[in-house]
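Asks: please work out how this folds:
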Amino acid sequence: MKGKYIVSSALIIAGTAILGYGAITANQSQINLGIAGIFLGLIVLTFKTSEYVKREALDNLASPYIKTLQELVKDLALEGRAVYIPPYENLPNGGTFIPLHEEFDLDLARLDEETVFLTNVSNERQMGLKIRPLGLELLKKYEEHLEYSLEDTNYKEVESASSSVLRVLDLAKGVYIDEEDGKFRIVVNTVNREICRKNIDYCDQVACPICSSILLSLAKATGELIMADKFSITEHGIEIEAKRLGGVGNWM
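Replies: Here you go, the predicted structure:
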C-alpha cells in the first residue's frame, strides 16, 4: 500500500518538474513527457493492491453462495449446528449436515451424494439438510501440499497443511489448533475479517470455505464427525470451538 503512494508521488513530482522545465524552454517533447508522468502517477494512485484484489475476489465469490445457504437454513427453520462428516462409503468426499433440531440423531446410512433434504425418516430428530462442504476444494489443496491424504492422520497435520496453503493463497496468516478432552480450539488468523464480521452469527451453521475446510479436514484426519460449537472474533483472529462426535460406525 505504501509503495503505491511512493511510486505515484514520484511520478507526479517528476512529471511536474519536467513539465515546468519544458514550458520554460518551450520544449514540446518535455512538456508531453511531463504530462505523461503526471498522468501515470494518477493512474498508479487508483490501482488496487494485489492484497485488496484477493480479498475482494474472495468476498465476491463466496458471499453470494454463503448468503443463499443462510437464507435456506433460515427458511427451513434449522436449529442445529453444522456437523462435518468424514469420507465414508456413501459420501466419498465427506459432507456437512445441519440438523433440524439442536438435539439430533443422525443415521449416516440414509445419506448419500444425491440427498439434500433428509426428511424420509421415522424420527424428526434425524431430519436436516446435507450440503456439499464449502471447503472441499481447499482440503484438496492441503493434501496436494502434503502429497498424501489427511485420512488417519491427526490435527497437527491439518494445522500445518492449512496454515501453509492459506498463507500462500493470502487467505490467512496462519492456523493454530489445539485439542483437549475431545474438544478442539482452532484459531484462524484470516486476512479478510470483513467477511467474518458480516457472517459470524451464522458460522456455526454455514461457515465460509476457509473455516469449513479446516473443520472438514479435522473430520477426515480423525475419522470422526466434528461439530462446530462456537465461532468468535478475537484479537488473534477467528476462534472456533469444535468437538468430536465419534466415528462413522457410531452413527450408522
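Asks: which residues sit in contact with Asp112?
Replies: Asp112 makes contact with 90-91, according to CB atoms under 8 Å, 6 or more residues apart in numbering. (Each C-beta comes from the backbone N, C-alpha and C, glycine too.)
Asks: helix or strand: which one has it?
Replies: Per DSSP states H and E, Asp112 falls between elements, in no helix or strand.
Asks: could you measure from it over to Gly95?
Replies: Per CB to CB, to the nearest Å, Asp112 is found 10 Å from Gly95.
Asks: with Leu215 instead?
Replies: Taking CB to CB, one finds Leu215 at 12 Å from Gly95.
Asks: helices of the stretch 51-200 of the chain, residue ranges please.
Replies: 136-146, 155-168, 193-199 (DSSP state H, counting those that start in this stretch).
Asks: and Glu71, how many residues sit next to it?
Replies: 11 (other CB atoms under 10 Å).
Asks: can you tell me how far it is from Leu78?
Replies: Taken as CB to CB, the span from Glu71 to Leu78 is 11 Å.
Asks: picking up where we left off before, turn the helices of the stretch 51-200 of the chain into TSV, including mean neighbour count.
Replies: Output for the helices of the stretch 51-200 of the chain, formatted as TSV (neighbours: other CB atoms under 10 Å):
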stretch	mean neighbour count
helix 136-146	17
helix 155-168	20
helix 193-199	15
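Asks: so which of those helices gets nearest Val187?
Replies: Of all the helices of the stretch 51-200 of the chain, it is helix 155-168 that lies closest to Val187, at 9.9 Å by CB to CB.
Asks: elements contacting the closest one?
Replies: helix 136-146, strand 172-180, helix 209-222 (3 or more CB pairs under 8 Å, 6 or more residues apart in numbering; DSSP states H and E).
Asks: quick one: strands adjacent to the helix or strand following the longest one?
Replies: Moving toward the C-terminus from helix 209-222, the next helix or strand (DSSP H and E) is strand 224-234. Each strand paired with strand 224-234, and its direction, by DSSP bridges: strand 83-85 (antiparallel), strand 237-247 (antiparallel).
Asks: in the stretch 1-150 of the chain, which ranges drop under the pLDDT threshold?
Replies: Within the stretch 1-150 of the chain, the stretches with pLDDT under 70 are 1-65.
Asks: what ranges do the strands span in it?
Replies: In the stretch 1-150 of the chain, the strands defined using DSSP state E, counting those that start in this stretch lie at 83-85, 95-99, 117-118, 128-131.
Asks: what's next to the first one, contact-wise?
Replies: In this structure, residues lying in contact with strand 83-85 by CB under 8 Å, 6+ apart are 91, 94-99, 106, 108, 111, 133, 212, 215-216, 218-219, 225-228, 245, 248.
Asks: not counting sequence-adjacent ones, nearest residue to the spatially most central residue of the chain?
Replies: When CA atoms, centre = their mean is applied to the chain, the residue found nearest the centroid is Ile210 (2.3 Å). Spatial nearest neighbour of Ile210, excluding adjacent residues (CB to CB, 6 or more residues apart in numbering): Leu171 at 5.8 Å.
Asks: got it, and Tyr202?
Replies: Nearest to Tyr202 is Gln70, by CB to CB, 6+ apart, at 5.0 Å.
Asks: next up, the contacts around that neighbour.
Replies: By CB under 8 Å, 6+ apart, the neighbours of Gln70 are 199, 202, 205-206.
Asks: for the residues you listed, pick the one with the most neighbours.
Replies: For the contacts of Gln70, counting by other CB under 10 Å, the largest number of neighbours falls to Val206: 24 neighbours.
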